[in-house]
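> this is a predicted model, with the sequence first.
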Amino acid sequence: GMSRFKQGQTQDALAALHKAMDVDPNNDLGRFRLAMVYEELGRFAAAMPLYEALVASASSHNPTLHRLARVYRELGRPGDARRMYEQELKNNPYEFPASLALADLDFQESTPDSLRAAERRLIELLDWMSENITARINLAHLYDTVGDTPRAKQHYHRAQQYGFESLEQAVFAHDFFEKHESFNSLPEVWTAYLKLHSDDTTGRAFLAWSFLNAGEPEKAREQIAGLGLQARSLTMAQATVALFALEDERDDMVRALAERLVTSGDTAARQRLLRALERLDARKPGLPWTYYLTAALLQAEGQFDAARAFLDL
């Protein structure tokens, strides 16, 4: 059954797993694998009773508890998810994914008490696992949310020293430094990321964008050139080229890039470019193609009145 599932033969997989359960209805391994397939298919309501039966017979099996907690969260039952995570930690106080998940639930509640609880959990985790980048990024994001910029910056820098494990973590750090206009920190974020993920073209596109915003246009051009034709499919690379086109007064290129950017579906990239266009306008006011590109991006974001105002400009 699992072999069929891994090959993408979902119906054959389910048929085999159900047959296994017909042969031996009390087989925990069969129940676990059937539940896992349902979970991975997004059929959480079908997975839930199977996981619950497993937990009832083996409450010390943390992988099942963790999966059931995830199912509860997907079904909008955070209180039940919390009980599962707490049971995990009761079984093993060093089960750090449960600590991270509880901190996330606390953060989502977004009350003063719950935010303090999330902070406490993350600090306690980092006390014995200082290299846990997810915990450090989450703590930095929490501090940024409550307006404690110095401590947020401290933890983003510390995470950078350990090395970002994923693109998402590096983007969190990037957006923090860009929001607070610490543009010189941006290339450091992506240089650190690319040390561990040298083949990631999206990271290289972000590095080009970072160099340009940090006032190093030649390094940015070098990164874009290194991407070659791949730059056409990378939104941040296209955003970087759009800023170059505005600086070079290449209105034909701006028009072509505007069409690509508004259809990219990358809302976050569009927001970064809108902020960069605002900074460009402050430095070089009155460039009509800056207003044109801003209007196109605002229209893509559904801000039609603002887009009309920029087209009028």
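Cool, the structure landed.
> buried residues, stretch 220-233. List them.
Ala220, Arg221, Gln223, Ile224, Leu227, Ala231 (16 or more other CB atoms under 10 Å). Heads up, the C-betas are built off the backbone N, CA and C, glycines and all.
> no, scratch that, I was asking about stretch 187-207
187-190, 192-194, 197, 200-207.
> could you dump the buried residues of stretch 220-233 into TSV with pLDDT added?
As requested, these are exported to TSV (pLDDT from 0 to 100):
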residue	pLDDT
Ala220	97
Arg221	96
Gln223	96
Ile224	96
Leu227	96
Ala231	93
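> so which of the residues you listed belong to helices?
Among these, the members found in helices (DSSP state H) are Ala220, Arg221, Gln223, Ile224, Leu227.
> please dump the residues you listed into JSON lines; it should also carry distance to Arg272 for every row.
Listed next are those as JSON lines, based on distance: CB to CB, whole Å:
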{"residue": "Ala220", "distance to Arg272": "14"}
{"residue": "Arg221", "distance to Arg272": "19"}
{"residue": "Gln223", "distance to Arg272": "16"}
{"residue": "Ile224", "distance to Arg272": "16"}
{"residue": "Leu227", "distance to Arg272": "18"}
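> residue ranges of the helices in the stretch 101-250 of the chain, please?
112-128, 133-145, 149-162, 167-179, 186-196, 201-213, 217-227, 235-247 (DSSP state H, counting those that start in this stretch).
> quick one: contacts of the fifth one?
Taking contacts as CB atoms under 8 Å, 6 or more residues apart in numbering, the residues outside helix 186-196 that touch it are 160-161, 163-165, 167, 170, 173-174, 177-178, 200, 203-204, 206-207, 209-211, 213-214, 216, 219.
> list buried residues within these.
Buried members of the contacts of helix 186-196, scored by 16+ other CB under 10 Å, are 160, 164-165, 170, 173-174, 177-178, 200, 203-204, 206-207, 209-211, 213-214, 216, 219.
> which helix or strand in the protein has the lowest average pLDDT?
Scoring the helices and strands of the chain by mean pLDDT, DSSP states H and E places helix 251-262 at the bottom, with a mean of 91.
> please state the offset of the next helix or strand after that helix from the chain centre?
The C-terminal neighbour of helix 251-262 among helices and strands, as given by DSSP states H and E, is helix 267-283. Offset of helix 267-283 from its chain centre (CA atoms, centre = their mean, to the nearest Å): 21 Å.
> and for stretch 53-64?
Stretch 53-64 sits 30 Å away from the centroid of its parent chain (CA atoms, centre = their mean).
> in it, what counts as buried?
The neighbour-count check on stretch 53-64 (16+ other CB under 10 Å) flags Ala53, Leu54, Val55, His61, Asn62, Thr64 as buried.
> what about those residues, which are in helices?
Ala53, Leu54, Val55, Asn62, Thr64.
> what's the closest non-adjacent residue to the fourth one?
Spatial nearest neighbour of Asn62, excluding adjacent residues (CB to CB, 6 or more residues apart in numbering): Glu88 at 4.9 Å.
> quick one: Gln11 and Val37, what's the gap?
With distances taken as CB to CB, to the nearest Å, Gln11 is found 11 Å from Val37.
> in terms of neighbours, single out the busier of the two.
Val37 (21 against 8; other CB atoms under 10 Å).
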